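Novice: Pasted the sequence and its predicted model underneath.
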Amino acid sequence: MNSGDYLYIWQAGDWPQWRFDMTALAGPMAEASRAQGVLLGRLADVGMRLRDQASLAALTEDVLKTSEIEGERLSVASVRSSIARRLGVDIGALAPVDRHVEGVVAMVLDATANHRLAVTRERLFGWHAALFPTGYAGLSRITVGAWRDDATGPMQVVSGPIGRQRVHFEAPPAPLLDVQLKRFLDWINQPTPMPPLIKAGLAHLWFVTLHPFDDGNGRIARAIGDLLLSRADGSTQRFYSLSSQIQRERKAYYEILERTQKGSMDVTQWLAWFLETLHRAVDHAQLTLDSVLVKARFWHQWADTPFNERQAKLLNKLLDGFDGKLTTGKWAAIAKCSSDTALRDINDLVARGMLRKAEGGGRSTSYELMPPP
């Protein structure tokens with residue numbers, strides 16, 4: 001049967017007998033594996049404390065971006081605090097955390113830390129319930145911790161703002177889900193001869209195709225992918241974020257997904273895109289590791305220098321990548337102090353050679369970290 005005889009791949013007569021050209025995928029898979037090896041080799045030389053910091057940075061980005069793809073923006077401080085507390089990483093004062101943040105963090109960490117455990121229906125239901133602790137997605141009441149029932153119509157996968165949404169494909173009807181999901185979960189949990197990176201890419205595609213929940217399918221698909229990538233790495237720590245790379249290439253992601261859903265069971269193009277995107281995600285993680293090492297060197301350099309709590313807080317924000325320019329007013333707002341106190345804090349750090357006035361400040365003077373010696 002060719003794709004002209006049906007609309008979506010799950011309607012094909014040979015569904016879900018995936019086909020792909022391993023010869024065409026050998027190059028992208030080798031490049032992605034090489035990049036993973038380079039990153040993990042570099043991490044092996046930095047010590048446990050810095051590996052924990054690198055993992056914290058990667059997981060924080062992963063949680064933020066997997067929600068951002070779905071149009072939800074979480075608090076960076078809350079996400080980082082939630083992950084740090086669960087991992088036992090000391091980041092100083094912890095920010096308040098709401099149960100929605102806790103739910104997303106719990107799912108992402110469970111997928112990584114417990115990647116050897118079987119992926120069961122009950123486990124997926126637990127992830128789904130963690131994502132929607134109130135039983136609502138926005139203002140809409142949804143079925144939580146169970147497969148969708150299509151009571152409001154067929155499940156359509158869309159992107160874009162409300163009113164200008166684009167339908168990419170339609171998922172299988174609800175009555176088919178029990179059988180379809182059993183087959184999928186059996187495949188996930190049984191050893192297969194295919195390379196682990198290929199299995200991770202297929203698992204993401206397969207779950208997104210089924211779209212078995214009322215909401216949260218993309219986040220759970222990415223968590224399943226992370227789980228299989230963790231199995232491939234043999235590590236309970238994540239040092240790169242595929243979700244972040246998908247967010248950076250969101251338009252291309254939906255385009256390849258739509259083409260694949262309306263094509264044949266030969267998914268070579270999807271897997272090539274997945275492997276190349278994974279490669280770019282690992283390369284981006286090198287930048288994250290660079291920033292972790294810069295931060296470690298900075299605090300080592302100034303280890304014997306006393307700071308007040310406000311100064312330590314703002315220096316850490318600068319080292320983590322401050323959004324915009326740091327001015328006296330922003331310092332005062334973040335540190336919850338007066339402008340005079342903020343200026344004294346800043347001038348003290350300028351005098352010590354830790355901060356300097358930024359060039360081209362315009363009407364308002366701004367400050368930046370001194371570059372490392």
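Specialist: In hand now; what should we look at?
Novice: now this protein, which segments are flagged as low pLDDT?
Specialist: 1-4, 92-93, 360-363, 372-373 (pLDDT under 70).
Novice: any idea where the strands of it begin and end?
Specialist: Assigned by DSSP state E, the strands in the chain fall at 136-137, 140-141, 156-159, 166-170, 326-327, 355-357, 366-369.
Novice: so what's residue 24 closest to, chain neighbours aside?
Specialist: residue 268 (5.5 Å; C-beta to C-beta, 6 or more residues apart in numbering). Where you see a C-beta, it was placed from the backbone N, CA and C, and this is true even at glycine.
Novice: Also residue 219?
Specialist: residue 66 (5.0 Å).
Novice: ok, now residue 211?
Specialist: Per C-beta to C-beta, 6+ apart, closest to residue 211 is residue 171, 3.7 Å.
Novice: contacting residues around the one you found?
Specialist: Residue 171 makes contacts with 10, 154-157, 209-212, as judged by C-beta atoms under 8 Å, 6 or more residues apart in numbering.
Novice: Residue 7 versus that one, what's the distance?
Specialist: With distances taken as C-beta to C-beta, to the nearest Å, residue 171 is found 12 Å from residue 7.
Novice: Same check on residue 188?
Specialist: Counting by C-beta to C-beta, the gap from residue 188 to residue 7 is 26 Å.
Novice: separation between the residue nearest the centre of the chain and residue 164?
Specialist: Nearest to the mean C-alpha position of the chain, by C-alpha atoms, centre = their mean, lies residue 62 at 2.1 Å. Per C-beta to C-beta, residue 62 is found 28 Å from residue 164.
Novice: do the same with residue 262
Specialist: Remark: distance between residue 262 and residue 164 (C-beta to C-beta) = 21 Å.
Novice: Could you check which of those two is surrounded by more residues?
Specialist: residue 262 (14 against 7; other C-beta atoms under 10 Å).
Novice: That one contacts residue 6, doesn't it?
Specialist: No - applying C-beta atoms under 8 Å, one finds residue 262 not in contact with residue 6, separated by 9.3 Å.
Novice: any chance you could map the helices in the stretch 251-373 of the chain?
Specialist: Per DSSP state H, counting those that start in this stretch, the stretch 251-373 of the chain has helices spanning 268-301, 309-319, 328-335, 339-352. These are given in chain order.
Novice: Can you check which of those gets nearest to residue 119?
Specialist: helix 268-301 (18.5 Å; C-beta to C-beta).
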